[in-house]
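1. structure of the sequence below:
(chains A, B, C and D)
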Protein chains: 2
Amino acid sequence: MQLTTEYKERLDHALERSGQRSTKQREHVFSVILEKRDHPTADEVYARAKSEMPTISLATVYNCLETLSESGLIRQVNFDREPTRYCPNLTQHAHFYCRESGEIVDIELSDSVIDQLKSALPEGYSAQHVEIAYNGKCGDCHD
Amino acid sequence: MQLTTEYKERLDHALERSGQRSTKQREHVFSVILEKRDHPTADEVYARAKSEMPTISLATVYNCLETLSESGLIRQVNFDREPTRYCPNLTQHAHFYCRESGEIVDIELSDSVIDQLKSALPEGYSAQHVEIAYNGKCGDCHD
DNA sequence: TATTTTCTTAGAATTATTCTAATTATTACT
DNA sequence: AGTAATAATTAGAATAATTCTAAGAAAATA
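-> Predicted coordinates:
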């Protein structure tokens, strides 16, 4: 797939800001993540990326995902002992993991909750990230 | 170390409730977790457990930690691509991970914030756990 | 006490991720 | 444009955390 001009610019600027080069692979991995807005693992990204770029390697996919995360273009999402997942949604949100279906759903959060969470920190502490992970049963999996 | 009567009873009841046996190893692993109230990895628990029970195996430590977690006696704590840690604090709290010192600190949260988080879920969703992980710099590591 | 069930153990296996060293692509410099 | 310097990609090996396996030990049940 092609990156829209908007995302292409966003990618280039973000990479430039962090002193890194824009490459075909980084661009392609970014487009793969944006295309299907779910929460794929590195392996899944690799599989999707390979179908259009057969020579890309798993190591490169890991490198690209790392670079994109560092540049703030995507987020990493972690659940108990599961492989890391990657998320293109940069808005302030939490993740819900359904233990029945394995589905991961974004949960939007109000600014107020986030502010309260940040203000729960002791004096002198500062947080870059707050990761919020729900674990339970989603609507489809309920009795 | 010896488990106090209170904790011994709590352990036995919790195991019974989930149809599991009370064994020397489970008791010992529980006591090790309670003794030093930090957030050890399975390896660290193994090291501590071995000093008093030299024959215990790493697999058993993993099994015991799993059993204790399932029984609700301890909690698992996860941070990005780090080994799972175990926490004896059962009160509603979040975890702060300092990326400088690696220190993990419990952050107490008000019921109100927790309630707001739970009510952010869509209709039909229900959460067993909400894990909240801060990532930043702690008081000691600040400029 | 005998029998069944559940735990523990040691070590092998698995899985996600990172590392290494060689090759290739991109940028910077003439 | 051509060359040197730098950074990224590649394949495969290495690592680290965790899980699995099969045999033996302990606990519960009959």
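
2. how about the residues of chain A near DNA strand D?
-> Chain A comes close to DNA strand D at residues A:20-21, A:23-26, A:53, A:55-60, A:63-64, A:67, A:81, as judged by C-beta under 7 Å from any atom of the strand. Where you see a C-beta, it was placed from the backbone N, CA and C, and this is true even at glycine.

3. quickly note the distance from A:Thr5 to DNA strand C.
-> Using C-beta to the nearest atom of the strand, to the nearest Å, one obtains 17 Å as the distance from A:Thr5 to DNA strand C.

4. same question for A:Leu117.
-> 25 Å.

5. go on, A:Leu58?
-> Distance of A:Leu58 to DNA strand C, given as C-beta to the nearest atom of the strand: 6 Å.

6. need the contact list for the closest residue to A:Ile104 other than its chain neighbours.
-> Nearest non-adjacent residue to A:Ile104, counting by C-beta to C-beta, 6 or more residues apart in numbering or on different chains: A:His39, 4.5 Å away. Neighbouring residues of A:His39 by C-beta atoms under 8 Å, 6 or more residues apart in numbering or on different chains: A:Val77, A:Arg85, A:Tyr86, A:Cys87, A:His95, A:Ile104.

7. is it true that A:Asp43 lies in a strand?
-> No - judged by DSSP: H, G, I helix; E, B strand; the rest coil, A:Asp43 forms no part of a strand; its state is helix.

8. surely it meets A:Glu82?
-> No - between A:Asp43 and A:Glu82 there is no contact under C-beta atoms under 8 Å: 11.8 Å.

9. ok, back up a step: which of the contacts of A:His39 sits closest to DNA strand C?
-> A:Arg85 (8.1 Å; C-beta to the nearest atom of the strand).

10. that closest one: neighbouring residues, count only.
-> A:Arg85: 20 surrounding residues under other C-beta atoms under 10 Å in any protein chain shown.

11. interface residues of chain A facing chain B?
-> For chain A, the residues in contact with chain B (C-beta under 8 Å from any C-beta of the partner chain) are A:76, A:78-81, A:84, A:94, A:96, A:99, A:105, A:107-110, A:112-113, A:116-117, A:120-140, A:142.

12. in ChimeraX, select just the buried ones from the residues you listed.
-> To isolate the buried ones among the residues of chain A next to chain B in ChimeraX, judged by 16 or more other C-beta atoms under 10 Å in any protein chain shown, type:
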select /A:76,78,79,84,94,96,105,107,109,113,116,117,120,121,125,127,130,131,132,133,134,135,136,137,138
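
13. now, the residues of chain A next to chain B that are in strands?
-> A:76, A:94, A:96, A:105, A:107-108, A:126-137 (DSSP state E).

14. and the closest residue to A:Ser18 other than its chain neighbours, how many neighbours?
-> Leaving out its chain neighbours, the residue that sits closest to A:Ser18 by C-beta to C-beta, 6+ apart is A:Ser71, at 5.0 Å. Neighbour count of A:Ser71, defined by other C-beta under 10 Å: 19.

15. quick one, phi/psi of A:Ser71?
-> Note on A:Ser71: its backbone torsions stand at phi -80, psi 0 [degrees, to the nearest 10].
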